[in-house]
Every structure is written in structure tokens, then in C-alpha cells.
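Q: how would this look folded up:
(one chain, ligands or ions: 2)
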Amino acid sequence: MKRILVTRPMPDRVLEEARRHFDVEIRDDNTPLKPGQMRGALALYDGILPTLGDMFQADVFTEAENSRCRILANFGVGYNHIDVAAARAMGIAVSNTPGAVTDATADIAMTLMLMTARRAGEGERLVRAGKWPGWNPTQMLGLHVSGKTVGIIGMGRIGQAIAKRCHFGFGMSVVYHNRSAKPLDFDARQLGSIEEVAATADILVVAVPGGAETRHLINAEVFAAMRPTAHFINIARGDVVDEAALIAALQEGGIAGAGLDVYEREPIVPDALKAMENVALLPHLGTAALEVREAMGLMAVENLRAFFAGETPPNLVN
Ligand SMILES: NC(=O)c1ccc[n+]([C@@H]2O[C@H](COP(=O)([O-])OP(=O)(O)OC[C@H]3O[C@@H](n4cnc5c(N)ncnc54)[C@H](O)[C@@H]3O)[C@@H](O)[C@H]2O)c1
Ligand SMILES: O=C(O)[C@H](O)CO
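A: Ligands and ions are numbered 1, 2, ... in the order given. Okay, here's the model as predicted:
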């Protein structure tokens, strides 16, 4: 039986399925693997099921050519923590879990959108602090989301799921920018640049993958293009956004608010963001529902099963 390392505790269903196919070791620790642990795992196991935070960067693979590990079956759609080119150079396959995460992550984008536009986090804090003076006609007036324009940067699986929720659920117009043309089955207008989308949107949402190509894609120029009444939502990866530029835009009133699920240096969230009432902050909750995490895990196990059965893993990325 092939030996597999699962780098974090997982839902029971996932582990049961993994044990049906493999000799499985589960790391009983929720911290990311350290470089030495990654090198050790590459040497000792036939396959690894890693996740967010396990930084399989090029230097970890230097001795991997003769190592035992032949596949990293990532738990998660985003795999920017793995240097897939370096893995490929060592003959190591990499797979991910697309689709399983789409609806749940789009739901969290909608949660953040309403939390920031309708000042829900701020209102909750007011009630909990015992400072609510009671209802009045001008209290805590936010942005009415229905009928407004949402701008999506990255119209992939999650971007489309967000756009559909906005369009069909909230009657919003959709504008977007994507690296390549996208055939869509709903009404949406592609604009020529990120800045154009930023200038047009009442709510700007970023849903591109992380990694070197998209680092700080959302920068000071993008925030400068946004309207002072507009809100910004990030459910993608923290480093897609220049966090310092976001903080400056919020502090200067260049934008009205932000809703964030991801951060540049997770789990560190800048104090400047925590200090602002008009910012909704979630702890990377995009896929945090049991059935979603089970679906992700089962997908990762299926990628391992297929690989070791000599088939092409369904979600190979390199
Ligand atoms: N917050 C969370 O918990 C959570 C959960 C799931 C996914 N994510 C993140 O969301 C990302 C997107 O997931 P997905 O399944 O929609 O991926 P996807 O590949 O289906 O969509 C990404 C889209 O971005 C586009 N894109 C890439 N680079 C671009 C650029 N420079 N400019 C414009 N468009 C660009 C691609 O063409 C594609 O259409 C993941 O890679 C992951 O990092 C976060
Ligand atoms: O990319 C994803 O699927 C989520 O961020 C969890 O890893």
C-alpha cells in the first residue's frame, strides 16, 4: 500500500476514504509544515495531502528528484503556496480541489458585501457593547446593495458564482475584468481594465488566484479609481491586494469600506484594519462548512487514488 501523509487533522469522512486506499499518516497539528518537515515528508511518503500554509517552495524540492513522493494532492483550489514548476521539474505531480469550494466562497463574498455595505459588523458591535440608543430614521445608514453595480476582477468559477448571486438575487448590474475572454450564461459587461471596473462599480470584488502573477494586482491606482462611496471585497488571496494601499485608501476616505476574508500575512491582521469600523474582517472562512471540507478532502483523495492507479488525476495542475 502507498504511504500518504495528510498534513492536518481532517473530517472523519475524508480520513475514512483515504484509509480505504492508502497507508495514511495524519499529522495531529494545525500549524503549517516547516521546510525540514516538508523535505522529510518528500523523502518518506509516496504522496502528500498538503494545504494552505504548507509552503512547498523551490528550495524544498532541491533534493526531491530521488525522493519517494510523486504527488502533492492539495486540499484547496488555491495552490499558490506550492511552486508547481519546481515540483514538475522534480517529476512531482500537483493537484487541487476546484468546484468543491465555489458556492461556499461566493456565499462568504456576499456575507462580506452585506456586512460592509449595510454596516452589519459595526451594528453588531454597537449592540454587544450596550451602546445602541434604539431605532431612529437616520441611524447607521449604509449602502443599499439592490440594483447597484458589482465589479468582479477574475470571472472564474467563484467570480461567476458571485456575479450570479448579485445579478439574480440582488438585481445588480455586473461589470468585470478577466485575463481571458469568458463565455457567460448571464448578462455581464467585460471592461478593458481593472481600473475601468473599479471606476464603474459600487462594490468591487477580487476573485483571481494568488501567486507571483497577481501579487498586488489591486494597488493604489485601483483604489484611486474607485468611488468614495464604493466598497471593496477580497475573498481571493491576501497578497493579491497591496494591504498598505488598501489601508491608506480607507483612512483617506478614498473608498467607503472593505470586507476581507484573506490577508497578506495570515494570521496577522494589521491593527489599522481592526481599528476601522467600516471594515468587516473574517478569518479565511470561505470554505468553512463541514460538507464543503468533506467534498474538498474526498476530491484530494480521488486525485491520489487516480494517480496511483495509473490514471490522470482529475484535477492535475502541472
Ligand atoms: N477565501 C477562501 O477561503 C477561498 C476559497 C476558495 C478559493 N479562494 C481563492 O479564489 C481563487 C479563485 O478560485 P476559482 O476556483 O474561481 O479559480 P478560477 O481559476 O476558476 O478563476 C480565476 C479567474 O481569474 C482569472 N485571472 C487570473 N489572473 C488574472 C488577472 N491577472 N487579471 C484578471 N483575471 C485573472 C482567470 O482567468 C480565471 O477566470 C483561488 O485561486 C483561491 O486563491 C479563496
Ligand atoms: O483555496 C482554497 O480552496 C481556500 O482558500 C482554502 O484553502
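
Q: backbone phi and psi for Ile268, please?
A: With angles defined as degrees, to the nearest 10, Ile268 sits at phi -80, psi 130.

Q: what residues are bridge-paired with it?
A: Arg265 (DSSP bridges).

Q: need the pLDDT of it.
A: Listed pLDDT for Ile268 reads 98.

Q: okay, now it: neighbour count?
A: Counted with other C-beta atoms under 10 Å, residues neighbouring Ile268 total 9. Where you see a C-beta, it was placed from the backbone N, CA and C, and this is true even at glycine.

Q: now swap in Asn66 and tell me
A: With other C-beta under 10 Å as criterion, Asn66 counts 8.

Q: dump the residue contacts of Ala120.
A: By C-beta atoms under 8 Å, 6 or more residues apart in numbering, the contact list for Ala120 reads 114, 280.

Q: quick one: it and Trp132, what's the gap?
A: Separation of Ala120 from Trp132 (C-beta to C-beta, to the nearest Å): 13 Å.

Q: what does Val269 give?
A: In terms of C-beta to C-beta, Val269 sits 26 Å off from Trp132.

Q: can you give me the strands for the stretch 1-150 of the chain?
A: With DSSP state E, counting those that start in this stretch as the criterion, the stretch 1-150 of the chain has strands at 3-6, 23-26, 47-49, 71-73, 93-95, 149-153.

Q: in its sheet, what does the longest one sit against?
A: Think strand 149-153. Strand 149-153 pairs in its sheet with strand 173-177 (parallel), strand 203-206 (parallel), by DSSP bridges.

Q: for Glu17, which of these is the nearest?
A: Among these, the nearest to Glu17 by C-beta to C-beta is strand 203-206 (33.3 Å).

Q: what lies in contact with the closest one?
A: With contact meaning C-beta under 8 Å, 6+ apart, strand 203-206 is reached by 109, 113, 117, 143, 145, 148-154, 159, 162, 166, 197-198, 217-218, 222, 226, 230-236, 240-241.

Q: got any ranges where this protein has weak pLDDT?
A: Counting by pLDDT under 70, the chain contains no low-confidence range.

Q: near ligand 1, which residues of the stretch 151-300 of the chain are found?
A: For the stretch 151-300 of the chain, the contact set with ligand 1 under C-beta under 6 Å from any ligand atom comprises 153-159, 177-180, 207-210, 214, 217, 235-237, 261-262, 284, 286-287.

Q: which of the residues you listed are buried?
A: Among these, those scoring as buried are 153-159, 177-178, 207-210, 214, 217, 235-237, 261-262, 284, 286-287 (criterion: 16 or more other C-beta atoms under 10 Å).

Q: Pro11 contacts Leu290, correct?
A: Yes - Pro11 lies in contact with Leu290 (C-beta atoms under 8 Å); the separation is 6.2 Å.

Q: so who does the spatially most central residue of the chain touch?
A: In the chain, the C-alpha closest to the average C-alpha coordinate belongs to Ala236, at a distance of 3.7 Å (C-alpha atoms, centre = their mean). With contact set as C-beta under 8 Å, 6+ apart, Ala236 has these partners: 78, 154, 206-210, 214, 262.

Q: so which of those residues are in strands?
A: Among those, DSSP state E puts Val206 in strands.

Q: the contacts of Ala236: which ones sit near ligand 2?
A: Here is what survives when these are matched to ligand 2 using C-beta under 6 Å from any ligand atom: Gly78.

Q: in helices, which of the contacts of strand 203-206 appear?
A: 109, 113, 117, 159, 162, 197-198, 222 (DSSP state H).

Q: just send the residues you listed back as a markdown table, with distance to Gly47 too.
A: Formatted as a markdown table, these follow (distance: C-beta to C-beta, whole Å):
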| residue | distance to Gly47 |
| --- | --- |
| Ala109 | 32 |
| Met113 | 38 |
| Ala117 | 44 |
| Gly159 | 31 |
| Ile162 | 33 |
| Val197 | 40 |
| Ala198 | 42 |
| Val222 | 40 |
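
Q: switch these over to a markdown table; also include distance to ligand 2.
A: Output for the ones in helices among the contacts of strand 203-206, formatted as a markdown table (distance: C-beta to the nearest ligand atom, whole Å):
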| residue | distance to ligand 2 |
| --- | --- |
| Ala109 | 12 |
| Met113 | 18 |
| Ala117 | 23 |
| Gly159 | 14 |
| Ile162 | 15 |
| Val197 | 23 |
| Ala198 | 23 |
| Val222 | 22 |
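
Q: rebuild the strands of the stretch 1-150 of the chain as TSV, extending it with distance to ligand 2.
A: TSV is the format used below for the strands of the stretch 1-150 of the chain (distance: least, C-beta to the nearest ligand atom, whole Å):
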stretch	distance to ligand 2
strand 3-6	14
strand 23-26	18
strand 47-49	12
strand 71-73	13
strand 93-95	13
strand 149-153	17
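
Q: out of the ones you listed, which comes closest to Val317?
A: With C-beta to C-beta as the yardstick, what comes closest out of the strands of the stretch 1-150 of the chain is strand 93-95 (5.2 Å).

Q: give me the contacts around the closest one.
A: So strand 93-95 is contacted by 70-74, 79, 82, 84, 87-88, 300, 303, 307, 313-318 (C-beta under 8 Å, 6+ apart).
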